[in-house]
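Undergrad: Predicted model and sequence below, questions to follow.
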Amino acid sequence: MSAQLSISHLAKSFEPGTPNEKIALNDFSLDAEKGDFITILGSNGAGKSTLFNAILGKFPPDRGRIVLDGEDITYQREHRRAIDIGCLYQNPLRGTAPSMTIEENLAMAYTRKASKSFFAVNRRDSAHFRELLATLGLGLENRMKIKMGLLSGGQRQAAALLMATIARPKLLLLDEHTAALDPATSVKVLETTKRIVAENGLTALMITHDMGMALGFGNRTIMMDSGRLVMDLRGQERIDMSPRGLVDLFSDRSGHELSDRTLLALR
Ligand SMILES: Nc1ncnc2c1ncn2[C@@H]1O[C@H](COP(=O)(O)OP(=O)(O)OP(=O)(O)O)[C@@H](O)[C@H]1O
Ligand SMILES: [Mg+2]
């Protein structure tokens, strides 16, 4: 079976040839099968968000190739690949239109993929949005006409999750999407994430600094360091792994300790 996402020998330096040169991606390769849910760990500055930005087409890589569902997207324009890739960030403000209603936001995400006019959203679509909102268990299905900007961070992140997945993307990218939420809301949004990914058989990558979360969600865990892939954990080895064991493995593979922020999450 060919991989749903195949990244090979990806490289990206910022400010090359200057004293500030930063190698953010260094010969990075990763294959993900359809339905893989991969959690990504790594210290601050390891290149995790840069990896997502390369996949999203925010910049052309210096070297390497990105193939999504058999299509080479390495140099494809950003807005074109946005149709196939859903993305959520730490800040729930990103990716949603605060002055539009919840229903309009969902319609926008839905019609973008369905190659259907925004104005062609009908009552059946609307009923579909209502059903999807009801699955969040936040009562938002009765508040479809209120502006997105009025929702709390957690409510908006849950709605943003629906927006990112309503058109069944070929790939879902989650960049610490629950890091800014309070612990209880974070758990709720994570459980919703898990359910939506499973129900739709999505291929997903999730960046986190939380070791327990990295092992508790998905079927694979990778670690990045200085733009490289230093660990790829799956199967029984992953099932047997503890958060503390992960920290030790990271030090072994990278030759240094994880950043304070990640270690803090262990305490
Ligand atoms: N647009 C840019 N211009 C210059 N340097 C950049 C740019 N984007 C990222 N970098 C640098 O590339 C390196 C990797 O950054 P990146 O944001 O990918 O790290 P990260 O693993 O997501 O870290 P964090 O856990 O803090 O979010 C960092 O040194 C960062 O300063
Ligand atoms: Mg980041």
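TA: Thanks, I have it. Just so you know, these numbers come straight off a predicted model, no measurement behind them. Ligands and ions are numbered 1, 2, ... in the order given.
Undergrad: which element is F129 on?
TA: In this assignment (DSSP states H and E), F129 forms part of helix 123-134.
Undergrad: can you pull the buried residues of that helix?
TA: Buried residues in helix 123-134, counted by 16 or more other C-beta atoms under 10 Å: 125, 129, 132-133. In short, each C-beta sits where N, CA and C put it, glycine included.
Undergrad: Then stretch 39-58?
TA: Residues of stretch 39-58 classed as buried under the neighbour-count rule (16+ other C-beta under 10 Å) are 39-43, 46-57.
Undergrad: Which of these fall within strands?
TA: Among those, DSSP state E puts 39-42 in strands.
Undergrad: of all the residues you listed, which comes closest to S186?
TA: Nearest to S186 among these: T39, at 14.6 Å, using C-beta to C-beta.
Undergrad: How many residues are close by the residue nearest to the closest one when sequence neighbours are not counted?
TA: Using C-beta to C-beta, 6 or more residues apart in numbering and skipping residues adjacent in sequence, the residue nearest T39 is A214, 4.1 Å away. The tally of other residues near A214 (other C-beta atoms under 10 Å) stands at 27.
Undergrad: okay, now P60: neighbour count?
TA: Neighbour count for P60, taken as other C-beta under 10 Å: 9.
Undergrad: got it, and G35?
TA: Residues contacting G35 under the criterion other C-beta under 10 Å number 14.
Undergrad: Tell me which stretches of the stretch 51-200 of the chain form helices.
TA: For the stretch 51-200 of the chain, applying DSSP state H, counting those that start in this stretch gives helices covering 78-81, 102-113, 123-134, 153-165, 183-200.
Undergrad: I'd like the average pLDDT over the third one.
TA: Helix 123-134 shows an average pLDDT of 92 in the prediction.
Undergrad: Contacts for that helix, please.
TA: The contact list for helix 123-134, computed with C-beta atoms under 8 Å, 6 or more residues apart in numbering, reads 102-103, 106-107, 110, 140-141, 144, 159, 162, 166.
Undergrad: That helix versus helix 102-113: what angle between them?
TA: 110 degrees (axes from the mean of the first three to the mean of the last three C-alpha atoms, to 10 degrees).
Undergrad: cool, the last one as well?
TA: Angular relation of helix 183-200 and helix 102-113 on a 0 to 180 degree scale: 40 degrees, by the same axes, to 10 degrees.
Undergrad: is whichever strand or helix holds F28 anywhere near ligand 2?
TA: Using DSSP H and E, F28 maps to strand 22-32. No: in terms of C-beta under 5 Å from the ion, no part of strand 22-32 sits within range of ligand 2; the closest distance is 10.4 Å.
Undergrad: Partner strands of that strand and their direction?
TA: Strand pairing for strand 22-32, determined by DSSP bridges: strand 5-14 (antiparallel).
Undergrad: can you dump the C-alpha coordinates of the partner strand into PDB?
TA: Listed next in PDB are the C-alpha coordinates belonging to strand 5-14 (Å, rounded to 0.1, in the frame of the first residue of the first chain):
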ATOM      1  CA  LEU A   5       1.600  11.200   3.200                       C
ATOM      2  CA  SER A   6       5.100  10.700   2.100                       C
ATOM      3  CA  ILE A   7       7.800  13.200   3.000                       C
ATOM      4  CA  SER A   8      11.300  12.600   1.800                       C
ATOM      5  CA  HIS A   9      14.500  14.400   2.500                       C
ATOM      6  CA  LEU A  10      12.800  17.600   3.400                       C
ATOM      7  CA  ALA A  11      15.200  20.500   4.200                       C
ATOM      8  CA  LYS A  12      14.600  24.200   5.100                       C
ATOM      9  CA  SER A  13      17.000  26.800   6.400                       C
ATOM     10  CA  PHE A  14      16.000  30.300   7.400                       C
END
